[in-house]
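Peer 1: Take a look and give me a structure for this.
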Amino acid sequence: MWADNEADLDLLGFDFLVDELVIALTEPRLLPLTIGVLGDWGSGKSSLMQIAARELNDHYEERAQAGGEDLANAPYLTINFSPWQYEDHNDVKIALMSAVLDAISTRVPDAEERVGRLRRILDKLGRLGRRVGRAGAGAAPTVLPIILQGAMPEMDSGTMELVTAATNAAASEAHKALDDPSPHQPSVAGNPGTPTGDVDMFRREFAALVENIPGCEAVIVFIDDLDRCLPETVVDTFEAIRLFLNTPKTAYVLALNQNVVESAVDSRYPELRKQDGAGIGRDYLEKMLQLKIAIPPLSAPEAETYVNLLFAELHLNDEEFAKVLKQSVEVRRGNGLAVAFNTGIAGDVLGDIPAKLAADLKWAADISPVMGASLRGNPRQLKRFLNNLLLKHRSAVRRGAALELPVLAKLMVLEDQYNTDFQKLFDWDLAAGGACSEIKDAEAHARIMPGGVEAPKTAGKTPAGDPQPTRNESRAATKEAPAAPLNEARNWASKTHIAEWLRADPAFAGIDLRPYFTYSRDKLSFGVSASRLAPHLQRLITDVQSDIDASRRQQYAAVSALDSNDRAQFVEALLERVQRDPSSTALTAVLELAEKNPDMVSAVSSALQRIPPSAIPVVAGSMAVRRLPRGNADVAALFDRWETSENVKLRTVVTQARKASETKGGPGGNFR
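Peer 2: Residues are numbered from 1 along each chain as shown. From the prediction side, this is the model:
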């Protein structure tokens, strides 16, 4: 198993991104510089910064250890800071500036006098913050100095000017961020002769301090976890950089999820929204970040390489793993999007492959395409999935349960990402007493339907090529043995994401999955949490639940345009909202979406089947019978349940709708 921490070893093939970051940081003409390392949660932002920091220092440290250089004169002073760890402090700005001063003081002990002057300013700011607390940005310029003067009549005029300058700067920082800063900004306090009361004086002192660090070409601060912070902490961090620290020979690298940080800025300055209602977050970041390095999601080959290298790290000694890693770098250099490590490459490098590694690489190759797609190419999710898998398997081994690791892995992919489908398979297997026939039919259907898409129907034929029964034959078959399970299995297999999953080895036909469900059933209640979705899907989930009809329906085209994986996860998360609260707008949204998207009808009907009829509002029931197609077997089963329920109003709605439909006649269409 693997620690869920950032790594300073590049298993992801991020060398090209590291190069971009290092090149920018070592270009004197670009300084001062603020760089954003952008990516989703778990995409590898922290690891990328850690690898870059190591590269900036490693070659010089090697020369110093060889006796050729003085380590105290290293060209880059790198500092790591996490504002998230200081949220309980009174002022994150002060914590950041103190961390920078501490690092400089350690590097240059002789600069203690100059550092001391800067520390005294920070100390005064810190004491004022503790005595008075944080004032609102809008009121601070006029109110805070008055409050301070009343609370601390002994305050000297220079300190009061400093506070006035800082609070004025904080209040207008959102506006100032959108203007290019002057290299020689005049004193905010208007009194350049007061060294302790002038923000500009702090900047000049700090710039001189950095300039006089022996042999130092740049002070580089790596700021992590910004997207974990509260809105005030996010803005305070940017303010500290812009107001106090953004001086020549400095660079700041911030790891962040752009959408999260933009939302934090919008939340911090709600009064600055534009006429169209949009916040200033995007413009704010555009001005704060001079360069952006975006981490893309892993492609399927990259995800497979990453998983394989994790197993290599687990099973090989340090020398063997170093050879494997070196070879993967060479493969990536020739084709960055190819699988850079697999069984074949392992054989070329190692000769004899350890049996455990060979076994893990075999099943990982079978499941990686599905796992990589369903986990959205996210390194942290891939690693957590593997840790969870191995934990469950080892637990089974400890109890003497004979579980095949590839079978458990494939089942967990379905559970982790498509819980409604996982629930369906569980129900089938449980009802059959193990080795259900539905999974056999579904696998056979998926293998003859490339891409999991139904072939065009021809007259007198079913999708599988069997003659269509006559109406009388259908009725007879219904009495003798229901044909629904076979049809349901084929419909299930026709979903793109399920077809891909079914075609992945190992096949489940003939396997009793009940022992596996003992260890893989964490989500047998209600589906996928929306927080697991990509940011654009999370926003879409929120937008389609608007109480304003026009606003809600504007989003439906975007839902229809989603690719199959995104669409399946979106529907799963929205149905989870419905099951939690059937009276919510989410139910209205799924019914309206199902009317426009026939592929959603079965999933919506199955989800509504699990909700007690007594919890279904009559308005929602009426909408369902008007919008869901009456020719669908899952819809018919849902309305059968409602029509025989104790919910009198719901029962009446369904009965009347069915009578009206029979009067109009015809097999297709909705209940209108």
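Peer 1: C-alpha only now, for contacts and for neighbours.
Peer 2: Will do.
Peer 1: so Val307 is in which element?
Peer 2: Using DSSP states H and E, Val307 sits within helix 300-315.
Peer 1: Contacts for that helix, please.
Peer 2: 1-2, 11-12, 321, 324-325, 337-342, 354, 356-357, 360-361, 364-365, 368-369, 372-373, 377, 379, 382-383 (C-alpha atoms under 8 Å, 6 or more residues apart in numbering).
Peer 1: Would you mind giving both backbone torsions of Leu77?
Peer 2: phi -100, psi 110 (degrees, to the nearest 10).
Peer 1: Can you find the helix or strand of the chain with the lowest average pLDDT?
Peer 2: Sorted by mean pLDDT, DSSP states H and E, the helices and strands of the chain end with helix 140-151, the least confident at a mean of 36.
Peer 1: so how far is Phe81 from Lys323?
Peer 2: Per C-alpha to C-alpha, to the nearest Å, Lys323 is found 34 Å from Phe81.
Peer 1: neighbour count winner among these two?
Peer 2: When Lys323 is set against Phe81 and neighbours are counted by other C-alpha atoms under 10 Å, the residue ahead is Phe81, at 18 against 13.
Peer 1: which residues sit in contact with that one?
Peer 2: 96, 99, 221-224.
Peer 1: Reformat these into JSON lines and put secondary structure, neighbour count and pLDDT next to each item.
Peer 2: Output for these, formatted as JSON lines (DSSP: H, G, I helix; E, B strand; the rest coil; neighbours: other C-alpha atoms under 10 Å; pLDDT from 0 to 100):
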{"residue": "Leu96", "secondary structure": "helix", "neighbour count": "23", "pLDDT": "90"}
{"residue": "Ala99", "secondary structure": "helix", "neighbour count": "15", "pLDDT": "91"}
{"residue": "Val221", "secondary structure": "strand", "neighbour count": "21", "pLDDT": "95"}
{"residue": "Phe222", "secondary structure": "strand", "neighbour count": "20", "pLDDT": "96"}
{"residue": "Ile223", "secondary structure": "strand", "neighbour count": "23", "pLDDT": "94"}
{"residue": "Asp224", "secondary structure": "coil", "neighbour count": "20", "pLDDT": "92"}
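Peer 1: you'd agree Leu254 is in a strand?
Peer 2: Yes: Leu254 forms part of a strand when assessed by DSSP: H, G, I helix; E, B strand; the rest coil.
Peer 1: Report how many residues lie close to it.
Peer 2: 27.
Peer 1: Touching, Trp41 and Asn257? I think so.
Peer 2: Yes: if you go by C-alpha atoms under 8 Å, Trp41 and Asn257 touch, sitting 7.0 Å apart.
Peer 1: Excluding residues flanking it in the chain, which one is nearest Arg577?
Peer 2: In space, and not counting its chain neighbours, Arg577 is closest to Ala586: 6.4 Å by C-alpha to C-alpha, 6 or more residues apart in numbering.
Peer 1: Please identify which helix or strand holds the one you found.
Peer 2: Counting by DSSP H and E, Ala586 is found in helix 585-596.
Peer 1: Could you list the residues in contact with that helix?
Peer 2: In contact with helix 585-596 (C-alpha under 8 Å, 6+ apart) are residues 544-547, 552, 556, 574-575, 577-578, 600-601, 604, 620, 623-624, 627-629.
Peer 1: That helix: what's the following helix or strand?
Peer 2: Moving toward the C-terminus from helix 585-596, the next element (DSSP H and E) is helix 601-609.
Peer 1: and that following helix, what does it pack onto?
Peer 2: helix 564-580, helix 585-596, helix 633-643 (3 or more C-alpha pairs under 8 Å, 6 or more residues apart in numbering; DSSP states H and E).
Peer 1: Dump these into a markdown table; add mean neighbour count, mean pLDDT and distance to Asp512 as well.
Peer 2: Shown next, in a markdown table, are those (neighbours: other C-alpha atoms under 10 Å; pLDDT from 0 to 100; distance: least, C-alpha to C-alpha, whole Å):
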| stretch | mean neighbour count | mean pLDDT | distance to Asp512 |
| --- | --- | --- | --- |
| helix 564-580 | 21 | 83 | 26 |
| helix 585-596 | 22 | 89 | 34 |
| helix 633-643 | 19 | 89 | 26 |
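Peer 1: on that earlier part again, just the buried members of the contacts of helix 300-315?
Peer 2: Using 16 or more other C-alpha atoms under 10 Å as the burial test, the contacts of helix 300-315 include 11-12, 321, 324-325, 337-342, 357, 360-361, 364-365, 368-369, 372-373, 377, 379, 382-383 as buried.
Peer 1: What values do phi and psi take at the closest residue to Glu646 other than its chain neighbours?
Peer 2: Counting by C-alpha to C-alpha, 6+ apart, Ser614 is the residue found nearest to Glu646 once chain neighbours are left out, at 7.0 Å. In terms of degrees, to the nearest 10, the main-chain angles of Ser614 are phi -60, psi -20.
Peer 1: For Ser614, give its distance to Ser605.
Peer 2: Computed as C-alpha to C-alpha, the Ser614 to Ser605 distance reads 16 Å.
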